[in-house]
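Colleague: Sequence and predicted structure are below.
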Amino acid sequence: MKAITGKHTIQSEYPEILYDESRYQLGVPEALFFPESEEDIQSIVREATTKNKPITIIGAQTGITGGSIPIEGCYAISFSLMDSILRVSTNKNNDIILTCQPGITLEKIATFLSRSDHQTLPGKELLKEGSWFYPPDPTELTAQLGGTVATNASGARSFKYGATRNHTDSLSVVLASGERVSLTRTIRQTSKRAMELITEEGTVLSPPVLSIPIPQAKNAAGYHLSNEMDPIDLFIGSEGTLGIFSEIGIKLMPHPTILGGLSFFPTHTSAFTFADFLRTNASVAAIEYFDTSALHLIKESGSLLSTPIPSFPENAKSAIYWEYIETEEIPFESQEELWEENLNKSNSSFDKTWSGFDRREMLKLKAFRHAIPELINLQVASHKKNCATIRKISTDAAVPAHRFRDIFQQFTTIIAKANLEAIIFGHLGDYHLHFNIIPKSELELQSALNAYDQLMEIVIAANGTVSAEHGIGKLKKEYLNKMYGSEGIKVMKTIKSFFDPSYTLNPGNLF
Ligand SMILES: Cc1cc2nc3c(=O)[nH]c(=O)nc-3n(C[C@H](O)[C@H](O)[C@H](O)COP(=O)(O)OP(=O)(O)OC[C@H]3O[C@@H](n4cnc5c(N)ncnc54)[C@H](O)[C@@H]3O)c2cc1C
């Protein structure tokens, strides 16, 4: 196993591991490890525990809440050398399971699934029939599988297929004690039975069965705790605070035929009306929104993109990227008339829609969708050169359906009153839009933080969530506190203390 020691060496030779996409930075590790096996991870954890060193777990660092940012003097563990696919198998429901090391990127999984020659992989014959698909698509394909399970990442298609949790079948987890536990979805926990985990070393663990109130929206804030759950669900979305994933089994599904389109609208309300129609259609997989500022950003920075973007239709003030799962029973053709009618009701049409009906067009639309968060992050990095404290202030809130339109209005009013601008895009299907404020100065940063406080108060009062997909990390702890209150945090800390009494794993995340 490769291990780099000494703060100075790490700072000068591996400066990129000191921050994530939030561009926030905290401290320098005392040692940086690149494990190559589960045993390597166990030995790092045991050494850290003996020497009383905190551990920071590093994925691809595409996260935007500082979850993987090392704290001062820690042992940092990077998974870049654990990026293999280990085997293909089936579970008790006959689902096809791909077991991978945690450092594999989503890109590498997608490339693997697009190939037909799987060389010597154990169980490869199970992939012979048809082509296979891993639905979670959190836009950034360089993210590692471990990072996406730790944050329970979701993306455009989570509207239809749900977040990473729904597609995680098994986990091998190295606990803070250095022992390893294998979890699969076959261990079903019911309300009356105590949860029981048995480590590879034979230790029996019975964590307390606790629950907290769940918001009325897609949620990635804090631990998943309910009276009826699988123990595996406790670890998914726990942001590396309960254990380190050393192997992950993901559930594949037969590759559907996906068609897409980008429809343009003259106002945000007309786009929202079209989204209301899309939500009623069971074949729709994604409903993604882009506001005027997002379209403007693409127009202005188009030259930075590898794929050229054509001109937008006249009067385009907002857009919706949608995906449709075509089947023999319900081909898109059978829906065209209904869609045109609904596009017209929203002052749009197929003439004002870029189609993604073949692979090349789909790739262009995906490049468009990916470009917006990436261009925003580039702008933040550029402003940071003038003012080191600058960071993006971005909401990740989801709200109950019936409150969506009025909360959208309240958000835009608060941001305008603070003399700020937001670039708005995101997962409209799940009532989960990202309002991105890019401060240019320390003064604007403070106004943005004040505005953010007000926005989160509204979300919490409406029983929404302060994080629907990015997690809490080190940057949103205050809001986790406000969302669950001291009782909810106490419950989560009881779970944390059960698995990691010395707070060795990812201290600074969540609490
Ligand atoms: C352009 C762009 C678009 C994005 N769009 C989306 C989106 O649509 N949806 C979405 O959900 N996210 C999105 N993200 C955020 C990010 O991609 C996700 O949060 C992703 O899940 C992070 O994965 P990572 O490997 O980069 O993890 P990191 O950022 O390195 O880490 C994230 C957390 O996971 C923990 N972790 C990493 N590996 C392990 C492991 N093996 N065991 C235990 N804990 C571990 C870390 O300690 C940290 O707490 C976007 C990011 C960018 C830059």
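Modeller: Everything's here; your move. What you are looking at is a predicted structure, and each value in this text was computed from that prediction instead of being measured.
Colleague: which residues of this structure score low on pLDDT?
Modeller: For the chain, residues meeting the criterion pLDDT under 70 lie at 116-118, 129-130, 186-194, 302-308.
Colleague: near the ligand, which residues of it?
Modeller: Residues of the chain lying near the ligand by Cβ under 6 Å from any ligand atom: 20-21, 57-64, 67-68, 79, 102, 138-140, 143-144, 146-148, 150-151, 153-155, 239-240, 244-245, 373-374, 377, 469-470, 506, 509. In short, each C-beta sits where N, CA and C put it, glycine included.
Colleague: in the protein, which residue is closest to the centre?
Modeller: residue 153 (2.6 Å; Cα atoms, centre = their mean).
Colleague: who touches that one in this structure?
Modeller: With contact set as Cβ atoms under 8 Å, 6 or more residues apart in numbering, residue 153 has these partners: 136, 138, 143, 147, 163-164, 220, 469.
Colleague: do that again at 6 Å, thanks
Modeller: Going by Cβ atoms under 6 Å, 6 or more residues apart in numbering, residue 153 touches 138, 164, 469.
Colleague: before we move on, the earlier item: so which of the residues of the chain next to the ligand are in helices?
Modeller: Assigned to helices by DSSP state H, the following of these qualify: 146-148, 150, 373-374, 377.
Colleague: Turn the residues you listed into JSON lines, columns for neighbour count.
Modeller: Formatted as JSON lines, these follow (neighbours: other Cβ atoms under 10 Å):
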{"residue": "146", "neighbour count": "27"}
{"residue": "147", "neighbour count": "32"}
{"residue": "148", "neighbour count": "31"}
{"residue": "150", "neighbour count": "30"}
{"residue": "373", "neighbour count": "22"}
{"residue": "374", "neighbour count": "16"}
{"residue": "377", "neighbour count": "20"}
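Colleague: export those to a markdown table and tack on distance to residue 197?
Modeller: Listed next are these as a markdown table, based on distance: Cβ to Cβ, whole Å:
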| residue | distance to residue 197 |
| --- | --- |
| 146 | 19 |
| 147 | 23 |
| 148 | 23 |
| 150 | 18 |
| 373 | 37 |
| 374 | 40 |
| 377 | 38 |
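Colleague: State the number of residues packed around the residue nearest to residue 214 when sequence neighbours are not counted.
Modeller: Closest residue in space to residue 214, ignoring its immediate chain neighbours: residue 226 at 6.8 Å, by Cβ to Cβ, 6 or more residues apart in numbering. Residues lying near residue 226 (other Cβ atoms under 10 Å) number 14.
Colleague: Helices along the protein, start to end?
Modeller: Counting by DSSP H, the segments of the chain that form helices are 7-13, 38-51, 106-114, 145-150, 158-161, 231-235, 268-279, 292-301, 336-345, 359-384, 404-417, 442-461, 477-499.
Colleague: just these: most buried one?
Modeller: Most buried of these, by mean neighbour count (mean count of other Cβ atoms under 10 Å): helix 145-150, with a mean of 30.
Colleague: if I look at the closest residue to residue 289 other than its chain neighbours, how far off is residue 412?
Modeller: By the measure of Cβ to Cβ, 6+ apart, the closest residue to residue 289 outside its immediate chain neighbours is residue 428, 3.8 Å from it. Distance of residue 428 to residue 412, given as Cβ to Cβ, to the nearest Å: 15 Å.
Colleague: next one: residue 32
Modeller: Distance from residue 32 to residue 412, by Cβ to Cβ: 43 Å.
Colleague: try residue 138
Modeller: Relative to residue 412, and taking Cβ to Cβ, residue 138 is found at 26 Å.
Colleague: give me the residue from the stretch 301-450 of the chain nearest the ligand.
Modeller: residue 373 (3.6 Å; Cβ to the nearest ligand atom).
Colleague: now that residue, nearest residue through space, not along the chain?
Modeller: residue 139 is the one closest to residue 373 (Cβ to Cβ, 6+ apart), at 6.4 Å.
Colleague: Next: residue 103.
Modeller: Excluding its sequence neighbours, the residue lying closest to residue 103 (Cβ to Cβ, 6+ apart) is residue 79, at 3.1 Å.
Colleague: Residue 135 now?
Modeller: Using Cβ to Cβ, 6+ apart and skipping the chain neighbours, the partner closest in space to residue 135 is residue 161 (3.9 Å).
Colleague: now swap in residue 80 and tell me
Modeller: Spatial nearest neighbour of residue 80, excluding adjacent residues (Cβ to Cβ, 6+ apart): residue 103 at 5.4 Å.
Colleague: what about that neighbour, neighbour count?
Modeller: So residue 103, with other Cβ under 10 Å, has 24 neighbours.
Colleague: now swap in residue 433 and tell me
Modeller: Neighbours of residue 433 using other Cβ under 10 Å come to 26.
Colleague: Repeat that for residue 281.
Modeller: Residues near residue 281, counting by other Cβ under 10 Å, number 17.
Colleague: ok, so what distance separates the closest residue to it other than its chain neighbours from residue 101?
Modeller: Nearest in space to residue 281, with sequence neighbours left out and distances taken as Cβ to Cβ, 6+ apart, is residue 335 at 7.5 Å. Plainly put, residue 335 is 41 Å away from residue 101 if you go by Cβ to Cβ.
Colleague: does residue 436 really touch residue 395, like I thought?
Modeller: No. Residue 436 is beyond contact range of residue 395, at 8.0 Å (criterion: Cβ atoms under 6 Å).
Colleague: Looking at the stretch 101-250 of the chain, which residue is nearest the ligand?
Modeller: Counting by Cβ to the nearest ligand atom, the stretch 101-250 of the chain gets nearest the ligand through residue 147, at 2.2 Å.
Colleague: show me what contacts the closest residue to that residue other than its chain neighbours?
Modeller: Nearest residue to residue 147 in three dimensions, chain neighbours excluded: residue 59, at 2.9 Å (Cβ to Cβ, 6+ apart). Listed by Cβ under 6 Å, 6+ apart, the contact partners of residue 59 are 68, 144, 146-147.
Colleague: and with 10 Å instead?
Modeller: Contact partners of residue 59, counting by Cβ atoms under 10 Å, 6 or more residues apart in numbering, are 20, 67-68, 77-80, 102-103, 105, 142-151, 240, 245.
Colleague: Residue 41 now?
Modeller: Contacts of residue 41 (Cβ under 10 Å, 6+ apart): 1, 33, 35, 55, 57, 77, 79, 82, 102, 172-174, 178, 180, 244-246.
Colleague: ditto for residue 9
Modeller: 31-32.
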